[in-house]
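Peer 1: heads up, no residue letters with this:
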Ligand SMILES: [Cu+2]
């Protein structure tokens, strides 16, 4: 029985490692400038924890095998442990995890904590249960005034845009995120109700939208196409329906769209949504 248990532990270990090594269940293609840095950091982390996992499980199986119950088994002896060993492996573990965290925070901080590069396209993102609103500044590049008191979903004023403000005249608010390829994009993230989370797996980018906060983040998409955008925070009963698309367009196609008035923007965006196919994964 002891031998069987040891073999079962080793088989489960091999299968678990194979699930990662085979590459059958891996991330979709990366389409952002910072994506490869996130992926290589992830690979280092998975290698380190993968090796530790395999070593620990092989050791566990070996212990189960060696100390199984049989006729020649010796009586177990009591050990009070070894202080020096415990100090050594605690320090080694702490060093490994702190180094991984320090290595990983650089990419993360460059997108979440540092200011967006000049010339970035700004888009205001307003999340609500259970949909996304993307607010574009239009031709004048200036966002119209918004006021929470003006929010009226029944009148389709989802972000509380003040129609009397001259800067609001050319603004567009749509339910799909449309951005240019190879140009930095700065998102200004807000939520009307609960915490939501902006997530596009191909971008390798995820950020919470927190009520009462204006969260600035930025990234650069590098590949034209249509990608799924999901809310990655359990935000209520219909959380599973809170999805949209991110359209990455060639610069000229985007600049043409970005200067269109609301109704034309909407119609053209729907046309483009049909034109591009979702990637296979
Ligand atoms: Cu949500």
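Peer 2: Ah, there it is. As the structure is a computational prediction, the values presented were derived from the model and not from experiment. Numbers count the residues shown, from 1 in each chain.

Peer 1: Pop the domain breakdown of the protein in here.
Peer 2: Following automatic domain parsing, the chain resolves into domains at 2-67+82-111, 119-275.

Peer 1: Comparing those, which comes out most buried?
Peer 2: domain 119-275 (a mean of 17; mean count of other Cβ atoms under 10 Å). Using the backbone N, CA and C atoms, a C-beta is placed for each residue, glycine as well.

Peer 1: Tell me where this structure has helices.
Peer 2: 2-21, 35-66, 83-112, 251-258, 262-275 (DSSP state H).

Peer 1: For residue 181, give its distance to the ion.
Peer 2: Using Cβ to the ion, to the nearest Å, one obtains 27 Å as the distance from residue 181 to the ion.

Peer 1: Return the residues of the stretch 1-150 of the chain in contact with the ion.
Peer 2: Within reach of the ion by Cβ under 5 Å from the ion, the stretch 1-150 of the chain has no residues at all.

Peer 1: Under the pLDDT cut-off, which ranges of the stretch 1-150 of the chain? List them.
Peer 2: Applying pLDDT under 70 to the stretch 1-150 of the chain flags no residue at all.

Peer 1: picking up where we left off before, can you list the domains of the chain in a markdown table and add distance to residue 75?
Peer 2: Below are these laid out as a markdown table (distance: least, Cβ to Cβ, whole Å):
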| stretch | distance to residue 75 |
| --- | --- |
| domain 2-67+82-111 | 11 |
| domain 119-275 | 52 |
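
Peer 1: Let me know the pLDDT of residue 216.
Peer 2: Residue 216 is assigned a pLDDT of 93 by the prediction.

Peer 1: related to what we said a few turns ago, of all the domains of the chain, which one comes closest to residue 76?
Peer 2: With distances scored as Cβ to Cβ, the stretch of the domains of the chain nearest to residue 76 is domain 2-67+82-111 (7.5 Å).

Peer 1: how far out from the middle of the chain is that closest one?
Peer 2: Chain-centre distance of domain 2-67+82-111: 21 Å, with Cα atoms, centre = their mean, to the nearest Å.

Peer 1: One more: stretch 239-257?
Peer 2: With Cα atoms, centre = their mean, you get 17 Å for stretch 239-257.

Peer 1: Could you do stretch 99-112 as well?
Peer 2: So, by Cα atoms, centre = their mean, the centroid of stretch 99-112 is 14 Å from its chain's centroid.

Peer 1: Grab the nearest non-local neighbour of residue 144.
Peer 2: residue 168 (2.3 Å; Cβ to Cβ, 6 or more residues apart in numbering).

Peer 1: what sits against that neighbour?
Peer 2: Residue 168 makes contact with 143, 144, 145, 161, 162 under the criterion Cβ atoms under 8 Å, 6 or more residues apart in numbering.

Peer 1: And for residue 7?
Peer 2: For residue 7, the contact set (Cβ under 8 Å, 6+ apart) comprises residue 61.

Peer 1: In the sheet, which residues pair with the residue nearest to the spatial centre of the chain? Tell me.
Peer 2: Ranked by distance to the mean C-alpha position of the chain (Cα atoms, centre = their mean), the top residue is residue 206 at 2.9 Å. Taking DSSP bridges as the rule, residue 206 bridges to residue 199.

Peer 1: I'd say it and residue 187 touch.
Peer 2: No: contact criterion Cβ atoms under 8 Å: residue 206 and residue 187 do not qualify, at 11.9 Å.

Peer 1: Can you pull the residues that touch both of these two?
Peer 2: Common neighbours of residue 206 and residue 187 (Cβ under 8 Å, 6+ apart) are residue 198.

Peer 1: could you measure the residue of the stretch 51-200 of the chain found nearest the ion against residue 99, distance?
Peer 2: At 3.5 Å from the ion, residue 196 is the closest residue in the stretch 51-200 of the chain, using Cβ to the ion. Using Cβ to Cβ, to the nearest Å, we find residue 196 at a distance of 33 Å from residue 99.

Peer 1: ok, residue 199 - contacts?
Peer 2: Contacts for residue 199 (Cβ under 8 Å, 6+ apart) come out as 205, 206, 229, 230, 231, 232.
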